[in-house]
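Asker: Pasting the sequence and the predicted coordinates here, then a few questions.
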Amino acid sequence: MKKYLQALTNIFRNRWFKFGSAIICYLLFVIWLDNYWWLIGVPIVFDIYITKKVHWAFWKKKGVAKQPKIIEWIDALIFAVIAAMIIRTFFIELYTIPTSSMEKSLLVGDYLFVSKYHYGPRKPITPIAVPFVHHTMPFTTKTKSFSDVVQWEYERMPGLQPIHRFDPVVFNFPEGDTVVVEHQNQSYYQIIRNESYLMQMEDKQRNIHNPIEYYENIARKFLWKNYTIHVRPVDKRENYIKRCVGLPGDTLQIIDGILFTNGQQQPEIKGLQYKYLVYFSGNRINPQILKKLDISNEDIASSYRSPGVMVLPLTQKNVEALKNMPMVDSVVRVINHEDESTYIFPHNSAFPWNEDNFGPIVIPMKNQTINLSLNNLPLYRRIISLYENHKLEIIDNKIYIDGQETKTYTFAQNYYWMMGDSRHNSQDSRFWGFVPEDHIVGKAVFLWFSLDKDKSFPANIRWNRVFRLIN
């Protein structure tokens, strides 16, 4: 038996066996990448294991059997960094829930694993970047962590599945291509829309041919002159997590806050919540009662509107619990019927929608051709000019794309519609529109840790949310 074990050990130590194992793994990786330029690495693998003509591990002393401790640490660190980069780029990445837009499905303080292999990993678009840093260097607010001198075309490797309706999806913020560094928590485009709207209300001039474009240009020039503006490539835009409620080709509509996809009402989502008016007797509802319903301190503190009235984000389960409390008179869901087209996509008065009454709208699908007109152009302007990089012009009430007059448009990629589970506390596709396929990062699959910001350690550990699959 000892002799067989020794023979097996000798096989594993054999340089040809090591080379064969390494080259098989490498070739499978190249096939998965679907980029055969990487075959240039085959001679390198051969030299590492067989010929050993090049000293690839230049940090080590050549020909020395026992390396100094510091060299061993450097060797281990380099291996760990390379392995972690490969895992993070192609397989799985850590993500933290920073806002309450997905409550109560995902909570502020949840730590997730985001799978990149489910939908297929996106190949790096910005290859020159500091490892493990997203878009800004640590301990700075304005120093970029990447260089956009080299930009690769969007490609996605094969995955396990397509995006399914109601998947929790991580993606790059579509309006994050341009950022006001001093106000990164606000959309650059929404800042311009807000400033443009205010200028229109204050300015008494009424003879401007295109007032929206006129005032938006003024606001844009003001921002670029007085603030630090960064332009970010797709893979360096802020990461968002929402639920995919609309797939390419779907028709989506929201009626009184209820989502309909292809005419079907949304299925029950366990953590879905809306804002409700809670009418009660007495001065206040005991905050401890509300905390038992997992309502955050922040929501409780901002909930009182007038004596006997609170506004709270609630799940259906919490609604029923409050209705059964003796001090509560009634619980009524908030439904918005106002025209909020300044804030709601596509930000045009011809579409007088709001977050509770929206659409119908059709989600664009790759290779789908639509009739294009001045009436529906606001829905697709951003897709044509920014996501698919065409020159879009309107001349004499006619639409020109790349200098050619046209009445149709064919989409080059798929698009998706994302919404938060906290429907009245989520900046999502209702505010900034379609999410392009090339912005998709991955699927949130596993919750490995969770901390409650309203409590101190160790009571802040949510043990019931540790090591859980995400629905």
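Answerer: Perfect, thanks for sending it.
Asker: And stretch 354-367, end to end?
Answerer: 30 Å (C-alpha to C-alpha, to the nearest Å).
Asker: If you could redo that for stretch 224-240, that was the one I meant.
Answerer: End to end - C-alpha to C-alpha - stretch 224-240 spans 25 Å.
Asker: now that stretch: mean pLDDT?
Answerer: Taken as a whole, stretch 224-240 has an average pLDDT of 93.
Asker: just stretch 145-160 next, same as before
Answerer: Averaged across stretch 145-160, the pLDDT comes to 90.
Asker: how far does it sit from the chain's center?
Answerer: Here the centre of stretch 145-160 is set off from its chain's centre by 16 Å, with C-alpha atoms, centre = their mean, to the nearest Å.
Asker: Okay, domains of this structure per the record?
Answerer: Following automatic domain parsing, the chain resolves into domains at 2-87, 258-333.
Asker: any idea which of those is most buried?
Answerer: When those are scored by mean count of other C-beta atoms under 10 Å, the highest mean neighbour count falls to domain 258-333 (a mean of 15). Where you see a C-beta, it was placed from the backbone N, CA and C, and this is true even at glycine.
Asker: In contact with the nearest residue to Ser281 once chain neighbours are set aside, which residues?
Answerer: Closest residue to Ser281 apart from its sequence neighbours, by C-beta to C-beta, 6 or more residues apart in numbering: Met327 at 5.3 Å. With contact set as C-beta atoms under 8 Å, 6 or more residues apart in numbering, Met327 has these partners: 280-282, 285.
Asker: how near is the nearest residue in space to Thr410 that is not next to it in sequence to Ile394?
Answerer: Of all residues not flanking Thr410 in the chain, Thr369 sits nearest, at 4.4 Å (C-beta to C-beta, 6+ apart). According to C-beta to C-beta, to the nearest Å, Thr369 and Ile394 sit 20 Å apart.
Asker: Between these two, which is the more surrounded one?
Answerer: Comparing Thr369 with Ile394 by other C-beta atoms under 10 Å, the one with more neighbours is Ile394, at 13 against 9.
Asker: State the helix or strand in which that one lies.
Answerer: Assigned by DSSP states H and E, Ile394 belongs to strand 392-395.
Asker: Same question for Gly442.
Answerer: Judged by DSSP H and E, Gly442 forms part of strand 440-450.
Asker: Which positions within that strand qualify as buried?
Answerer: Judged by neighbour count (16 or more other C-beta atoms under 10 Å), strand 440-450 contains these buried residues: 440-445, 447, 450.
Asker: And stretch 237-244, by the same measure?
Answerer: Buried residues in stretch 237-244, defined by neighbour count with 16+ other C-beta under 10 Å: 237-244.
Asker: So of these, which two are at opposite extremes in space?
Answerer: Arg237 and Arg243 (19.3 Å; C-beta to C-beta).
Asker: which stretch of helix or strand covers the closest residue to Arg305 other than its chain neighbours?
Answerer: Counting by C-beta to C-beta, 6+ apart, Arg305 lies nearest to Val311, which is 5.5 Å off, once chain neighbours are set aside. Counting by DSSP H and E, the element that carries Val311 is strand 309-315.
Asker: quick one: contacts of that strand?
Answerer: For strand 309-315, the external contacting residues (C-beta under 8 Å, 6+ apart) are 100, 103-104, 270-280, 285, 290, 293, 295, 299-300, 303-305, 322, 331, 334, 422, 424-425.
Asker: And the next helix or strand after that strand, what does it pack against?
Answerer: Downstream of strand 309-315, the first helix or strand assigned by DSSP H and E is helix 316-323. Using 3 or more C-beta pairs under 8 Å, 6 or more residues apart in numbering; DSSP states H and E as the contact test, the elements touching helix 316-323 are strand 273-280, strand 328-333.
Asker: number of nearby residues for Arg430?
Answerer: For Arg430, the count of nearby residues is 25 (other C-beta under 10 Å).
Asker: picking up where we left off before, could you verify my assumption that the residue nearest to Thr410 touches Ala412?
Answerer: No. Checked against C-beta atoms under 8 Å, the pair Thr369 and Ala412 is beyond contact range at 11.4 Å.
Asker: Where does pLDDT dip in the stretch 201-350 of the chain?
Answerer: Along the stretch 201-350 of the chain, the model assigns pLDDT under 70 to residues 204-209.
Asker: Contact partners for Ile229?
Answerer: Applying C-beta under 8 Å, 6+ apart to Ile229 gives the contacts 178-181, 188, 223.
Asker: What of Cys244?
Answerer: 163-169, 416-418.
Asker: now do Val278
Answerer: Going by C-beta under 8 Å, 6+ apart, the list of residues near Val278 reads 285, 303, 309-312, 322, 328, 330-331.
Asker: so what's it closest to, chain neighbours aside?
Answerer: Excluding its sequence neighbours, the residue lying closest to Val278 (C-beta to C-beta, 6+ apart) is Met310, at 4.3 Å.
Asker: So that neighbour versus Pro458, what's the distance?
Answerer: Remark: distance between Met310 and Pro458 (C-beta to C-beta) = 31 Å.
Asker: And Asp428, by the same measure?
Answerer: Using C-beta to C-beta, Asp428 is found at 34 Å from Pro458.
Asker: now do Tyr279
Answerer: 38 Å.
Asker: go on, Lys323?
Answerer: Distance, Lys323 to Pro458, using C-beta to C-beta: 34 Å.
Asker: All the helices of this structure, in order from the start?
Answerer: Assigned by DSSP state H, the helices in the chain fall at 2-13, 15-33, 42-46, 69-90, 188-202, 211-226, 287-291, 297-301, 316-323, 377-382, 429-432.
Asker: In the stretch 101-250 of the chain, mark out all the strands, start to finish.
Answerer: 110-115, 168-172, 178-180, 229-231, 239-246 (DSSP state E, counting those that start in this stretch).
Asker: out of those, deepest packed?
Answerer: strand 239-246 (a mean of 24).
Asker: Tell me the strands beside it, with direction?
Answerer: Sheet pairing of strand 239-246 (DSSP bridges) gives strand 168-172 (antiparallel), strand 415-419 (antiparallel).
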